[in-house]
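[1] Kindly generate the corresponding structure for this input.
(chains A, B and C)
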Amino acid sequence: MEWAWLIPVFSFAAAPLIVVLGRVLPGSGSFLAILAIAAGFALFWWVFAGFLGAGAGTENCLVSAHTGTLTCHYQMAWFHAGLAGAAGSVALTWGIIVDPLTVAMLGLVTFVALMVQIYSLGYMRGDSRFGWYYAVHALFAAAMLTLVLADNFLLLYVAWELVGICSYLLIGFWHERPAAKEAAKKAFIVTRIGDVGMLIGILLIWREVGSFSMFDAFEAVSSGAMTEGVTTVAALLLFLGAMGKSAQFPFHVWLPDAMEGPTPVSALIHAATMVVAGVFLVARVYPIFSAYDGDALLVVAVIGLITALMASTIALVSVDLKRILAYSTISHLGLMMLSLGAFGYTAAIFHLLAHGFAKALLFLGAGSVMHGTDELDIRKMGGLRKVMPMTAFLFSLGALSLGGIPILSGFWSKDEILLAVNDHLNPAFIILALLTAFLSAMYMARAMFVTFFGNLRQEMEHAHESPASMIGPMALLGVLAAVFGFVGFNWPGSYQGIGSFLFFHEAEGFHFNWWLGILSMILAVGAFVLGYLIYIKDRVSLEGFRARIGGLIPVVENKYYFDEAYQWVVDRVVLVFANFIGLFDRIVINDLAVNGPANSVHRLGIAMRLHVTGHVYSYAMGMVLGTIALSIFWWFRSVS
Amino acid sequence: MVDLVYFQLLSAALFVIGMYGVLARRSAVLIVMSIELMLNAVNINLIAAASHLGYRSVGEAFTNFDGQIIAIFVITVAAAELGLALAIILRIYRNRGSVNVDEVDLMKW
Amino acid sequence: MSWILFIALAVLTLGGGLGVVATRNVVHAALALLLSLLAVAGIYLILFAEFLAIVQVLIYGGAITIVLLFAIMLTRTAEYPRITDNRQWPLAAVASVATLAVLAGSFWTKAAVDTQPHNPALTDLANSLFTRWAIPFEIASLVLLVALIGAIIIARESEEGT
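    Numbers count the residues shown, from 1 in each chain, chains lettered A, B, ... in the order given. As a prediction, the model looks like this:
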């Protein structure tokens, strides 16, 4: 288990190797990345087994007082900032945490990254930068794995930013396209705004605790060394970073645009890395969030709910298949945040995993559709199940799972979230959460029915099924999307459900609230039936509904004008301010402060050089006058 | 007899005249002549001092010729300096076509 | 008696010096310099420094004046009348007067205890020069040699022949 740090190292090593040796290796070195992540995946099982076998007595392991779970902590010295042992010096360490959260994330990231990379063999075939794609992919996975293993905020932040830069590189992978370039910049800058908050939060914790170690921070929080106000502020600042990465309102605008990247990249970003980093961060530092009755968690819940509702309505009117999925991701991330805010720690991570598998499957399915048809506008599709049966089946499986159809994994995890919300928050939250659940089933039904069912269109007849390298990973993900939910149960025997493994302070058994379960089941099934009637049978007309809420449709279709509002702010406020700063820089900094001294020296030189006439007698005069002055001076000195 | 101080005053006057010449003239040859005047003024001072003060301690015969000997060295150095000055003047004249020191202003700004 | 001699020689010395710095004709200046230098030799005689007086006449009155006349001849004589004094001459005059004031003032106020001038024997001078001052004497001869070589190298017709 102490070798868990090797998991990211494989991929870290693979990235530069592919860049350097890609030209001479077969397949541009793509197999290196796949081997690296496969080795990581294998090592994950070893770590998992080791962790399950470990107990409180195992070396380096103990039951953490802060999270209540078995936590193994390995670290080594990195360097001292300042003199070792001196006051004010900070010992920086490399270190990894292996606890249930890390183990779960390791499994998700390695598995999804492995699937996506195998899938990319088919999807990216023939791309001119095939090797570079795999290099960045490997680096991306490595950064994310480091992020989940990190035991201190500094290492976490480094990995966090590495994830950011890799997402920038991958979203802008086809940088010949202006839209991709813009999307990459947008993703990078928007998440960066959140990252600034996170950095401030980390520094604030460091200032209070004097250490970057998470355990020290937790200790300070639980011992009261960090007061309520500081703890809440630090939690909210960290949450700002999580909001940026997890595309929470109002930072969600980058995620739909990030669809400009290759579709497998979207799958990786949405399912396993990048966006779940925010949820993971909140879960990782949950002791800070939940301290002092969890004031910060209320903010998390509200933001999560707003995000979930808003994104699911937009997903309902979007016509681009990938964008529907993107908004679906935002919506589900909102649900995870809501769950975390409702003390539903287990539910949030459970849903993160279930959603990760299902969403990776959906994106790979969308990629497969795009591969077969070169089209993403669902209005132009229909009946694709006739030409792409496997894709249609697997995509539908993912959609049904995510939509919350019973016995598929999405149903169980979503139900856990609803339970947590119901137990811990105001009734208004559960009503809106149920509405979100209904909407998310609805847009999934729409995407699924419109794309794959109904009559095959003329222009889609040339579409073809994707190669096995793409269907294979999808099938594996499909299995998990279908059955992963069963890990939540209390199986007869020793296994007590995921709640006994992954929990915060108190192990939870699987529980099922009958009225809530049936209600959400009715909503989900109802949404799919309704979708079937609307989009396939045309039994239910939307016209009357559209007419009644008429004015609201364009608002939603324009994504609530967030981009326009940001554009306005950038144009009117940021650019004006930037112009002012630029002017200030040119006039005050450049002309006055930098060139000023230089110019004055220059002018002084021009003035001073006049005494250098080049005439011998001038210099002689200088000597004489100096001598006279000196002799008069000494004479007066000797006289007085 | 003439007191030492009058020789000194004579020396000062001659020195100042030479100095004025160095400061005010433009011709290199005239500047060299003025330098000779200054050196002579110094020599007058030295020899006058040697003659008047050389025997101040009567018992020791001849302790203090130093003034005269230094004057000899001054004359020696003056001769050397004049030889060099002449060479330099000739070189300047050849390069610049003039002995006007205004022409030699390469070290100007 | 010595007062009359002194005043006469002083007038000749200063007059010659003024001639050097005042005239525009460079040959006249050289002659005025010769006059001044010879008068200085006379001053040395009043001071009982006969050897120095002879040296003065030989070296200054002879060699140096000749060298200066050579310098004048080897350069373009026609140019000399046009070389006027430079623009800083008033300042030079003021500085000179100031220097005179400083020197005269210091001499006058610090006047040495007066004794009569004496006439040291030439043999004593020679003894002193070649015993106590032997090393400076040798160095001085070396300086002369170096100056001679340097003068030849500087004044030689440019690079050809090297």
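
[2] ok, the helix or strand of chain C with the lowest mean pLDDT near chain B or not?
    Between all helices and strands in chain C, the lowest mean by mean pLDDT, DSSP states H and E belongs to helix C:122-130, at a mean of 82. Yes - judged by CB under 8 Å from any CB of the partner chain, helix C:122-130 and chain B are in contact via C:Asp124, C:Leu125, C:Ser128, C:Leu129. Quick note: C-beta positions are derived from backbone N, CA and C, even for glycine.

[3] So which residue is smack in the middle of chain C?
    By CA atoms, centre = their mean, chain C has its centre lying nearest to C:Leu37, at 6.2 Å.

[4] which residues touch that residue?
    B:Glu36, B:Asn40, C:Gly16, C:Gln56, C:Tyr60, C:Gly61, C:Ile64, C:Thr65 (CB atoms under 8 Å, 6 or more residues apart in numbering or on different chains).

[5] who wins for most neighbours among the residues you listed?
    Greatest neighbour count in the contacts of C:Leu37, by other CB atoms under 10 Å in any protein chain shown, goes to B:Asn40: 30 neighbours.

[6] pLDDT score for it?
    On pLDDT, B:Asn40 comes in at 92.

[7] How about the residues of chain A by chain C?
    Going by CB under 8 Å from any CB, the residues of chain A near chain C are A:His615, A:Tyr617, A:Ser618, A:Met621, A:Val624, A:Leu625, A:Thr627, A:Ile628, A:Ser631, A:Ile632, A:Trp635.

[8] Report how many residues lie close to the second one.
    Just to be clear, that refers to A:Tyr617. If we define neighbours as other CB under 10 Å, then A:Tyr617 has 23 of them.

[9] how much space between C:Gly15 and C:Leu31?
    C:Gly15 sits 12 Å away from C:Leu31, taking CB to CB, to the nearest Å as the criterion.

[10] and which of the contacts of C:Leu37 is nearest to C:Lys110?
    C:Lys110 lies nearest to B:Asn40 out of the contacts of C:Leu37, by CB to CB, at 22.4 Å.

[11] What angle do helix C:122-130 and the helix or strand that contains the closest one make with each other?
    Using DSSP states H and E, B:Asn40 sits in helix B:28-53. If you take axes from the mean of the first three to the mean of the last three CA atoms, to 10 degrees, helix B:28-53 sits at 120 degrees to helix C:122-130.

[12] which SS class is A:Ile96?
    Look at A:Ile96: counting by DSSP: H, G, I helix; E, B strand; the rest coil, its state is strand.

[13] nope, C:Arg24 is what I was after
    coil.

[14] Quick check: nearest residue in space to it, chain neighbours excluded?
    C:Pro81 (5.4 Å; CB to CB, 6 or more residues apart in numbering or on different chains).

[15] shaky segments in chain C?
    For chain C, residues meeting the criterion pLDDT under 70 lie at C:76-77, C:111-120, C:158-162.

[16] Check which element follows the helix or strand hosting A:Ala242 along the chain.
    In this assignment (DSSP H and E), A:Ala242 forms part of helix A:228-245. Using DSSP H and E, the helix or strand that follows helix A:228-245 in sequence is helix A:254-257.

[17] before we move on, the earlier item: a helix runs through the residue nearest to C:Arg24, doesn't it?
    Yes - under three-state DSSP, C:Pro81 falls within a helix.

[18] So, low pLDDT: which residues of chain B?
    B:1, B:54-64, B:107-109.

[19] Kindly list the longest helix within it.
    Counting residues, the longest helix found in chain B (DSSP state H) is helix B:66-96.

[20] What helices and strands are in contact with it?
    Helices and strands touching helix B:66-96, by 3 or more CB pairs under 8 Å, 6 or more residues apart in numbering or on different chains; DSSP states H and E, are helix B:28-53, helix C:50-55, helix C:65-74, helix C:122-130, helix C:134-155.

[21] Nearest to A:Gly398, out of those helices?
    helix C:134-155 (99.3 Å).

[22] burial measure for A:Glu465, as a count.
    16.

[23] Identify the spatial nearest neighbour of it, chain neighbours not counted.
    That would be A:Met388: by CB to CB, 6+ apart, it lies 5.0 Å from A:Glu465.

[24] residues in contact with the residue most central in space within chain B?
    Nearest residue to the geometric centre of chain B (CA atoms, centre = their mean): B:Leu39, 1.3 Å. For B:Leu39, the contact set (CB under 8 Å, 6+ apart) comprises B:Gly18, B:Val74, B:Ile75, B:Ala78.

[25] So which of those wins on neighbours?
    Within those, neighbour counts (other CB under 10 Å) peak at B:Gly18, which reaches 26 neighbours.

[26] buried residues in the host helix or strand of that one?
    Here B:Gly18 sits within helix B:4-24, counting by DSSP H and E. Neighbour-count burial for helix B:4-24 flags B:4-24 (criterion: 16 or more other CB atoms under 10 Å in any protein chain shown).

[27] do it and chain A meet?
    Yes - Helix B:4-24 reaches chain A (CB under 8 Å from any CB) through B:Met19, B:Val22, B:Leu23, B:Ala24.

[28] what's the burial count for the closest residue to the second one other than its chain neighbours?
    Same thing as B:Val22. Spatial nearest neighbour of B:Val22, excluding adjacent residues (CB to CB, 6+ apart): B:Ser34 at 4.7 Å. Using other CB under 10 Å, B:Ser34 is surrounded by 24 other residues.

[29] residues touching B:Ser34, list them.
    Going by CB under 8 Å, 6+ apart, B:Ser34 touches B:Ile17, B:Gly18, B:Met19, B:Tyr20, B:Gly21, B:Val22, B:Arg25, C:Val20, C:Val21.

[30] nearest spatial neighbour of the third one, skipping sequence neighbours?
    With CB to CB, 6+ apart as the measure, C:Ser96 is the residue that lies nearest to B:Met19, at 5.4 Å, once sequence neighbours are left out.
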